[in-house]
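Chemist: Quick one: sequence plus predicted model below, questions after.
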Amino acid sequence: MPDPATLPEPFETAAQAFKALLDTLGAGRHHLVCSAHTDLGSFASVSTTVDRAPDDQDLMEADGEGSLMFCHLLAQTSLGYRDAAIFTRTYASEDRAVLRGWRVTAGWPEPMEAADVFAAYCTDLATGDPIPPEPGTDYQAGILLAPNRPGSSA
């Protein structure tokens, strides 16, 4: 993960948001996806997987390149993208997972409601038709992130 202290805004915001997501998700194996759309129809998406130890939240194994690309796209969402979202899948076991979602507003993740997370994953984007939920997946609301956003009062 990039050092937030050495990055210009909005990259600092993205690195802070990435850290806040990981802190909020806590221990476990997490797969994070950031997707964004421009007004002209361009689309970008990046994903990374992070494993956090249960006994030490600072100890983690991460895909360094994936984490850097995740932060890079997240930073760009406040510069040139119309819509952006983050989804996380936390694996409770090999056959159980919790899926959460956030909309990105001015480069910062804001929690989605559980129904919006479910709709995002259970609707065919091409046709708008419903598709069955993934077996073993619990669709939950995003969690409000700690207000450590650069420029915040906390």
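Modeler: All right, it came through fine. These numbers were taken from a predicted model, which means no experiment stands behind them.

Chemist: drop to CA atoms for contacts and neighbour counts, all remaining ones
Modeler: Will do.

Chemist: now for the top helix by length along the chain, which elements pack on it?
Modeler: In the chain, assigned by DSSP state H, the helix with the most residues is helix 64-80. Contacts defined by 3 or more Cα pairs under 8 Å, 6 or more residues apart in numbering; DSSP states H and E place helix 64-80 against helix 11-25, strand 28-37, strand 43-52.

Chemist: Take these and write them to JSON lines, including mean neighbour count and distance to F70.
Modeler: Formatted as JSON lines, these follow (neighbours: other Cα atoms under 10 Å; distance: least, Cα to Cα, whole Å):
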{"stretch": "helix 11-25", "mean neighbour count": "22", "distance to F70": "8"}
{"stretch": "strand 28-37", "mean neighbour count": "20", "distance to F70": "7"}
{"stretch": "strand 43-52", "mean neighbour count": "18", "distance to F70": "6"}
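
Chemist: Adding distance to A141, write those out as TSV.
Modeler: Converted to TSV, the helices and strands packed on helix 64-80 look like this (distance: least, Cα to Cα, whole Å):
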stretch	distance to A141
helix 11-25	12
strand 28-37	15
strand 43-52	19
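
Chemist: so which of the ones you listed gets nearest T88?
Modeler: T88 lies closest to strand 28-37 among those, at 4.5 Å (Cα to Cα).

Chemist: Only C-alpha atoms, please: export the closest one in CSV.
Modeler: Extracted C-alpha coordinates of strand 28-37, given in CSV (Å, rounded to 0.1, in the frame of the first residue of the first chain):
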residue,chain,number,x,y,z
GLY,A,28,-9.8,-12.4,7.1
ARG,A,29,-9.4,-12.8,3.3
HIS,A,30,-10.9,-9.9,1.4
HIS,A,31,-11.3,-9.5,-2.4
LEU,A,32,-11.8,-5.8,-3.3
VAL,A,33,-13.1,-4.5,-6.7
CYS,A,34,-13.2,-0.9,-7.8
SER,A,35,-15.2,0.0,-11.0
ALA,A,36,-15.7,3.3,-12.6
HIS,A,37,-17.5,4.8,-15.6
